[in-house]
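Asks: A predicted structure for the sequence below; I have some questions about it.
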Amino acid sequence: MFSFFSKKKKPDFVLHTDVHSHLLPGIDDGVQSLEEAAEVILKLMDAGYKKLITTPHIISDSYKNTPEIISAKLQELKIFLKSKNIEISIQAAAEYYLDTWLINQVESNQKLLTFSDNYVLFEMNYVSEPFQLNDFIFKLITQGYRPVLAHPERYQFMTIAKAEDIRQRGVLLQLNILSLIGFYSKPVQRLAQQLVNHGLIDLLGSDCHRLPHASALTDAFADKHFEKAMKLPLYNNLL
């Protein structure tokens, strides 16, 4: 069986960078204290990560985070990690929820939080496809952003054909690693596996909120579909 930690057989592609997590304490549904953040980060470091791009939620009716709030929390976390001699590269962007507020932000050319080469991570309604989706994608791209759809496998309306269409429109698809082992549900697991089998995944993310997420990564790294995903031309280590 493939093992991420095997000394006899190392994967050709090792994930050094995580692009989706919730590690800034107290500003969304992720970690709630600096101590908890440090505990989770240590577990992620044990899993082999060298760089973390953490992405707190920005949702207009629940998590009203701003660049200023996120920047301040990031600095607070960095100072705390340094005080504990925990050395890891950590940056912050955001996970935007596609709603009217976000659409208005884009239409009024408000600067969005990005990572790497102007990548914008966004998520959607889990049940039904937003009717503004294609227009939103087009406007993001025309403004120079590179859209990244978080966990496509978790949307109930998602199909392989829909994923192919979204990707052809210029959107990168970010799979949650834990989806591959049924962490969210069996239907999510099946679609995650299908997306990998069709080579439709561009980025892998932990979507780590709490310690159980980080701890479960070890099991996911031993999964055959994770091994297959690692052979795709992923963007993670280019960031």
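Replies: Now that the structure is in, tell me what you want to look at.
Asks: For the longest helix along the chain, name the packing helices and strands.
Replies: Criterion DSSP state H: the longest helix present in the chain is helix 67-83. Judged by 3 or more CB pairs under 8 Å, 6 or more residues apart in numbering; DSSP states H and E, helix 67-83 is in contact with helix 34-46, strand 89-92. (Each C-beta comes from the backbone N, C-alpha and C, glycine too.)
Asks: Show the contacting residues for V31.
Replies: With contacts defined as CB atoms under 8 Å, 6 or more residues apart in numbering, V31 is in contact with H22, L23, L24, P25, A37, V40, H209, R210.
Asks: do the same with L44
Replies: By CB under 8 Å, 6+ apart, L44 lies in contact with D18, S21, L52, I88, S206, C208, A214, L217.
Asks: Minimum distance to I160: which of the helices and strands packed on helix 67-83 has it?
Replies: helix 34-46 (30.3 Å; CB to CB).
Asks: tell me what the helix or strand following that closest one is packed against?
Replies: Moving toward the C-terminus from helix 34-46, the next helix or strand (DSSP states H and E) is strand 51-54. Under the contact criterion of 3+ CB pairs under 8 Å, 6+ apart, strand 51-54 touches strand 17-18, strand 89-92.
Asks: 10 Å instead?
Replies: Judged by 3 or more CB pairs under 10 Å, 6 or more residues apart in numbering; DSSP states H and E, strand 51-54 is in contact with strand 17-18, helix 34-46, helix 67-83, strand 89-92.
Asks: would you turn these into JSON lines with mean pLDDT and distance to N109?
Replies: Shown next, in JSON lines, are the helices and strands packed on strand 51-54 (pLDDT from 0 to 100; distance: least, CB to CB, whole Å):
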{"stretch": "strand 17-18", "mean pLDDT": "98", "distance to N109": "29"}
{"stretch": "helix 34-46", "mean pLDDT": "97", "distance to N109": "33"}
{"stretch": "helix 67-83", "mean pLDDT": "98", "distance to N109": "15"}
{"stretch": "strand 89-92", "mean pLDDT": "98", "distance to N109": "22"}
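Asks: which of the ones you listed sits most buried?
Replies: For the helices and strands packed on strand 51-54, average neighbour numbers computed from mean count of other CB atoms under 10 Å are highest in strand 17-18, which has a mean of 26.
Asks: Okay, now the sheet partners of that one, with direction.
Replies: Paired neighbours of strand 17-18 in the sheet (DSSP bridges): strand 51-54 (parallel).
Asks: Just the C-alpha atoms of stretch 50-65, please, in PDB.
Replies: Included here for stretch 50-65 are C-alpha records, laid out as PDB according to Å, rounded to 0.1, in the frame of the first residue of the first chain:
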ATOM      1  CA  LYS A  50       6.400  23.500   4.600                       C
ATOM      2  CA  LYS A  51       4.000  26.300   3.600                       C
ATOM      3  CA  LEU A  52       0.400  27.000   4.600                       C
ATOM      4  CA  ILE A  53      -1.900  29.400   2.800                       C
ATOM      5  CA  THR A  54      -4.700  29.700   5.200                       C
ATOM      6  CA  THR A  55      -8.100  30.900   3.900                       C
ATOM      7  CA  PRO A  56     -10.600  32.200   6.400                       C
ATOM      8  CA  HIS A  57     -14.200  32.400   5.300                       C
ATOM      9  CA  ILE A  58     -15.600  35.700   4.000                       C
ATOM     10  CA  ILE A  59     -19.400  35.300   4.100                       C
ATOM     11  CA  SER A  60     -21.500  38.500   4.100                       C
ATOM     12  CA  ASP A  61     -24.200  37.300   6.500                       C
ATOM     13  CA  SER A  62     -22.000  35.300   9.000                       C
ATOM     14  CA  TYR A  63     -18.200  35.900   8.700                       C
ATOM     15  CA  LYS A  64     -17.700  39.500   7.800                       C
ATOM     16  CA  ASN A  65     -13.900  39.300   7.600                       C
END
